[in-house]
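Visitor: turn this into a model:
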Amino acid sequence: MSAAEDTLASPSTLRRVVVASMIGTTIEWYDFFLYGTAAALVFNKLFFPASEPLVGTMLAFATYALGFVARPLGGVVFGHFGDRIGRKRLLMLSLMLMGGATVLIGCLPTFDQVGLLAPALLVLLRLVQGFAVGGEWGGAVLIVAEHGDARRRGFWASWPQAGVAAGSLMASGVLALMAGLQSEADFLAWGWRVPFLISAVLIGVGWWVRATVEESPTFQAVAREADAVEKAPALEAIRTRPRELLIGAGLKFAENISYYVVTVFSITYVTTKMGLPRATVLNAILVASAVHCVLIPLFGALSDRIGRRPVYAFGAFGMVIWAFVFFRLLDTADPMLITLACVGALVFHGAMYGPQAAFLAEMFPTRIRYSGASLSYQVTSIFAGSLAPLIAAALLRATGSGTPVAIYVAAAALVTGFAALAARETRGKTFAEIDRAA
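Guide: Modelled structure (predicted):
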């Protein structure tokens, strides 16, 4: 079949691909988010002991940021081979790399036991995590998007996105459970390791589920035409789609920053500045993440009805306002209002994240789609999500207030809002039409 023709999977195959992709994504992002939550609660004490709590936290967040630095490299490498040999094989590899690194983090000695070797090993494993998750996102969303039809692509492609939220939900939930069942001393002594070691079981589940997934029919159609497979798809994306790469990066910017301020930095803010128990903020993030999981597919479906641009812009401009509301609610020290702060933030984030997978996938033709979408998504993370908790912690340390952090998030959200308005609407376009236009 010509690459110009859309090849659609049967409904039963599509459902199997969606479920498998979401489960695998949930497991991989559970591993990735687990580090961020632990960085705020544990790593600052066990791997970066310092006299001032915020200094240790900032050092822990710095290693957290390194995972994002490795993500673009993973996106380029996985995107290159994903555009040349297929989506499925790369998804299996990313699962093994991510899971293995996470289990090893749970086995690491601490600073008190081996000195500087402990943070050095932590940094190395974080880099492996970042490399793996850099390739995970593109493959997971594309294998779903390319199995489905254009009419409901926003909805179907949003399910792996919901898997990211589910991974955050699992990470927060397991750590909240361990922290709630244990004393501070036991949690720091060994309890924090359990969520990381659980990943060994999750790897097996994820491998079994993903083994049932068929390769993308859209990619297979292109692969049958030898001259349609790019030798250097990432370079081709940069050469032929600079506008799309820039718009895609703008779309990712505030979505990434706001998410990690809400789900990672808020833990430090509530426990360090407000002096509240860690369970208060972990439970708030848990509730918000559950709401987030439900809303992401709903916003993806809404983008199929009214367009990607208006849904995305609503989320971005809504975040401009909510950034200030968020910190006002945290400052009340009321657990219910802290929960409301997190839920509201993730509502606006979900409006960006729901349509995102389809939006980015539709910006690139099949032959460079994995590379193009991954570059837009992952390169931005170096300047956005990786630095967000670190910048927020530095602002808090310098001013003692959440207002500068709110300004930081709001400014980023304005950039993303204007990127959404500048993007071309892609709702309803078939991949055949996108390929022909290329």
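Visitor: wait, doesn't Arg278 sit right on Ala179?
Guide: Yes. Between Arg278 and Ala179 there is a contact under C-beta atoms under 8 Å: 5.6 Å. The way it works is simple: take the backbone N, C-alpha and C, and place the C-beta from them, glycine included.
Visitor: which neighbours do those two have in common?
Guide: Both Arg278 and Ala179 are in contact with Leu41, where contact means C-beta atoms under 8 Å, 6 or more residues apart in numbering.
Visitor: run the chain-centre distance for stretch 126-141.
Guide: 9 Å (C-alpha atoms, centre = their mean, to the nearest Å).
Visitor: tell me the pLDDT at the residue nearest to Phe314 when sequence neighbours are not counted?
Guide: In this structure, Phe314 finds its nearest non-sequential neighbour in Ala351, 5.2 Å apart by C-beta to C-beta, 6 or more residues apart in numbering. pLDDT, Ala351: 97.
Visitor: tell me which helix or strand Ala351 sits in.
Guide: Using DSSP states H and E, Ala351 falls within helix 335-361.
Visitor: pull out the buried positions in that helix.
Guide: 335, 338-361 (16 or more other C-beta atoms under 10 Å).
Visitor: please apply the same query to stretch 296-312.
Guide: Quick answer for stretch 296-312 (16+ other C-beta under 10 Å): 296-297, 299-304, 307-312.
Visitor: again with stretch 284-300
Guide: For stretch 284-300, the neighbour count (16+ other C-beta under 10 Å) marks 284-293, 295-297, 299-300 as buried.
Visitor: ok, stretch 204-222 next?
Guide: For stretch 204-222, by 16+ other C-beta under 10 Å, it's 206, 209-210, 213, 215-219, 221-222.
Visitor: check stretch 121-141 too.
Guide: Neighbour counts over stretch 121-141 (16+ other C-beta under 10 Å) mark 121-122, 125-141 as buried.
Visitor: against Ala38, how distant is Ala345?
Guide: 21 Å (C-beta to C-beta, to the nearest Å).
Visitor: my error: substitute Ala221 in the last question.
Guide: From Ala221 to Ala38 the distance is 43 Å (C-beta to C-beta).
Visitor: ok, now Ser266?
Guide: Noted for Ser266: a distance of 15 Å to Ala38, by C-beta to C-beta.
Visitor: the residue nearest to Phe314 reaches Phe317, doesn't it?
Guide: No. In this structure, Ala351 is not within contact of Phe317 by C-beta under 8 Å, at 9.8 Å.
Visitor: what stretches of the stretch 301-438 of the chain score poorly on pLDDT?
Guide: Within the stretch 301-438 of the chain, the segments meeting pLDDT under 70 span 438.
Visitor: one more time with 90, if that's ok
Guide: Low-confidence segments of the stretch 301-438 of the chain (pLDDT under 90): 365-390, 393, 397, 428-438.
Visitor: burial count for the residue nearest to Ala392 when sequence neighbours are not counted?
Guide: In space, not counting the residues next to it along the chain, Ala392 is nearest to Phe265; the distance is 4.2 Å by C-beta to C-beta, 6+ apart. Burial of Phe265, expressed as a neighbour count using other C-beta atoms under 10 Å, amounts to 26.
Visitor: hey, C-alpha coordinates of whichever strand or helix holds Ala432 in PDB?
Guide: Here Ala432, judged by DSSP H and E, is contained in helix 431-437. What follows is helix 431-437, C-alpha atoms only, in PDB (Å, rounded to 0.1, in the frame of the first residue of the first chain):
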ATOM      1  CA  PHE A 431      -1.800  11.200   8.000                       C
ATOM      2  CA  ALA A 432      -2.200  10.600   4.200                       C
ATOM      3  CA  GLU A 433      -3.000  14.300   3.700                       C
ATOM      4  CA  ILE A 434      -0.200  15.400   6.000                       C
ATOM      5  CA  ASP A 435       2.300  13.100   4.000                       C
ATOM      6  CA  ARG A 436       1.100  14.400   0.700                       C
ATOM      7  CA  ALA A 437       1.500  18.000   1.800                       C
END
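Visitor: off-centre distance for it?
Guide: 28 Å.
Visitor: OK, contacts around the residue nearest to Val128 when sequence neighbours are not counted?
Guide: Excluding its sequence neighbours, the residue lying closest to Val128 (C-beta to C-beta, 6+ apart) is Ala101, at 4.1 Å. Shown in contact with Ala101 (C-beta under 8 Å, 6+ apart): 31, 125-126, 128-129, 132.
Visitor: run the last query once more with 7 Å
Guide: By C-beta atoms under 7 Å, 6 or more residues apart in numbering, Ala101 lies in contact with 125, 128-129, 132.
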